[in-house]
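Participant: sharing a sequence plus its predicted fold:
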Amino acid sequence: MQLVLSSSPWGLLLDGIISCNFTYCFLWSWWPHLFPSNTGTAHLNPDIFVGIFWVTVFFITMLGVRWYGEAEFMFCLIKVITVVGFIILGIVLICGGGPNGQFIGGKYWRNPGPFANGFKGVCSVFVTATFSFGGTEMIGLGAAEALNPVKAVPKAIKQVFIRIALFYFGTITIVATLVAYNDDRLLGASSVDATASPFVIAIVNGGIKGLPSVINAVILIAVLSVGNASVYACSRSLNSLAEQGMAPKWTGYVDRLGRPLFAIIFTNIFGLFAFIAASDKQVEAFNWLLALSGLSSIFTWMSINFAHIRFRAAMKAQDRSLDELAFKSTIGIWGSWYAMFIYFLVLIAQFWLSAFPLGAESSASAFFQGYLGVPIVLASWIGYKIYTKSWRIIIDAKEIDLDTGRLIPDMDLIRQEREEEKARLASMPWYRRVLAIF
């Protein structure tokens, strides 16, 4: 992506590059897609944790972006230490170094095997996987409030890639090796049940006592972190909507400390929906929220990639050089086209699974539970077109405004810093140059 910053980066970028109708549709589908779905259960009444977490998140988000960043740093530090420790422990358990001395190796990859229910089973977890990766796009929100976005944004993007490769793929591989997909403790368990966590099951299988409670505590901290980040993102996107006349004006109020005050309060009020965690309908509610959240993330990422494609098209149509950009995507425009193609295939697969559910009969309830996000996005897009009477689908590349909302850095200084960085890297050993890529 290119570095395009403003006080409301999502909205201005999409509004100026694609169309205002597209912006309205994107932001209103993205805004509610995180915070209510981060609930969990425990032996205690889960509403106890919901109440504690809600008050904590409200307090942190009201303190401003600095304290939000400090809190996220501490949360992430705890999660990183735990994940690294789990990966090391997992390797030891796989090799038979646990208290029970059982060698696991690739046993569960042979029996019952790596793929449950074949191709359809793999497709059935796309939305859950999307939900798990949701939030990586928040780099774009943080860029607007970064002190030095020219340096901070590229560094953050590289770190996200490393964390996904190491922490997501690494832990998933370890868990899949330690826990069989047909384990009775997983069967019938909902994603909101902390006692069914595969991390906990893997440790229990290894015969380690006490550590499962520590893992559950870290899971609760992770939930708190997600809630904190979600309120931050939701309040900023709501503020962006208000600035563009797509939400009530009062949600666009920003105080002298730079906080979108009313947007934060309004978003936190919706967080009270999480008290449904103590209801006997909590699993059903979570599944509906998961369906909406997962597909909303797909539309979010498609929108970002499409905006990148249109931005590059506008640069070419208006004879603008890419050298004036402080940061460019390593994989260029082809990476965006590839990503959009994959997302389109995921939407097709989800439609198939919604129409013909895995292990269940077709029904209207099952279809909309799996495909709820699509009609909501379409209704938002069509409804806003009717309301504004704006029938243009997309802005012509030559008419796209490439400067409004951008913080244009001193490119001479940027070029000088790049040359100095190249010279510094050239003097390093080869392994240091490899590490510098990330």
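Facilitator: All right, it came through fine.
Participant: so how far is stretch 262-271 off the chain centroid?
Facilitator: Once both centres are worked out by Cα atoms, centre = their mean, to the nearest Å, stretch 262-271 turns out to sit 20 Å from its chain's centre.
Participant: what's the mean pLDDT across it?
Facilitator: Averaging pLDDT along stretch 262-271 gives 84.
Participant: got it, and stretch 79-87?
Facilitator: Mean pLDDT, stretch 79-87: 89.
Participant: buried residues in that stretch?
Facilitator: In terms of neighbour count (16 or more other Cβ atoms under 10 Å), stretch 79-87 has its buried residues at 79, 82-83, 86-87. For glycine as for every other residue, the C-beta is placed from the backbone atoms N, C-alpha and C.
Participant: take the residues you listed and keep only those in helices.
Facilitator: If you go by DSSP state H, those have 79, 82-83, 86-87 in helices.
Participant: just give me the closest of the residues you listed to residue 267.
Facilitator: When these are ranked by distance to residue 267 (Cβ to Cβ), residue 79 comes first, at 23.0 Å.
Participant: which strand or helix spans the closest residue to that closest one other than its chain neighbours?
Facilitator: Nearest non-adjacent residue to residue 79, counting by Cβ to Cβ, 6 or more residues apart in numbering: residue 222, 5.7 Å away. Taking DSSP states H and E as the criterion, residue 222 maps to helix 211-243.
Participant: can you name the element that comes right after that helix?
Facilitator: Using DSSP H and E, the first helix or strand after helix 211-243 is helix 261-270.
Participant: tell me the angle of that following helix relative to helix 211-243?
Facilitator: Interaxial angle of helix 261-270 relative to helix 211-243 (axes from the mean of the first three to the mean of the last three Cα atoms, to 10 degrees): 130 degrees.
Participant: what's the next secondary structure element after helix 261-270?
Facilitator: Using DSSP H and E, the helix or strand that follows helix 261-270 in sequence is helix 282-317.
Participant: and that next one, what's buried?
Facilitator: 282, 285-315.
Participant: okay, residue 15: pLDDT?
Facilitator: Looking at residue 15, its pLDDT stands at 48.
Participant: mind starting the numbering at 76 from now?
Facilitator: With 76 as the first residue, the last one maps to residue 90.
Participant: from residue 126, how far off is the residue nearest to residue 154?
Facilitator: Separation of residue 297 from residue 126 (Cβ to Cβ, to the nearest Å) stands at 18 Å.
Participant: with neighbour numbers in mind, choose between the two.
Facilitator: residue 297 (18 against 14; other Cβ atoms under 10 Å).
Participant: I'd guessed that one sits against residue 151; true?
Facilitator: No - the pair residue 297 and residue 151 fails to qualify as a contact (Cβ atoms under 8 Å) at a distance of 9.6 Å.
Participant: where does the protein have its least confident helix or strand?
Facilitator: Least confident helix or strand, the chain: helix 95-105 with a mean of 46, by mean pLDDT, DSSP states H and E.
Participant: show me where the stretch 126-275 of the chain has its helices.
Facilitator: Taking DSSP state H, counting those that start in this stretch as the test, the helices found in the stretch 126-275 of the chain are 140-169, 182-185, 193-198, 201-208, 214-218, 224-238, 244-253, 273-280.
Participant: residue 440: which of these is closest?
Facilitator: Once the helices of the stretch 126-275 of the chain are compared by Cβ to Cβ, helix 201-208 is nearest, at 16.1 Å.
Participant: now do the closest one and helix 357-392, the angle between them.
Facilitator: Going by the same axes, to 10 degrees, helix 201-208 makes 70 degrees with helix 357-392.
Participant: send the alpha carbons of helix 201-208 over as CSV?
Facilitator: Taking Å, rounded to 0.1, in the frame of the first residue of the first chain, the C-alpha atoms of helix 201-208 are listed here in CSV:
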residue,chain,number,x,y,z
PHE,A,201,-12.7,-19.9,6.3
VAL,A,202,-14.9,-17.5,8.3
THR,A,203,-13.4,-18.6,11.6
ALA,A,204,-9.9,-18.1,10.2
THR,A,205,-10.9,-14.7,8.9
PHE,A,206,-12.3,-13.7,12.3
SER,A,207,-8.9,-14.7,13.8
PHE,A,208,-7.0,-12.6,11.4
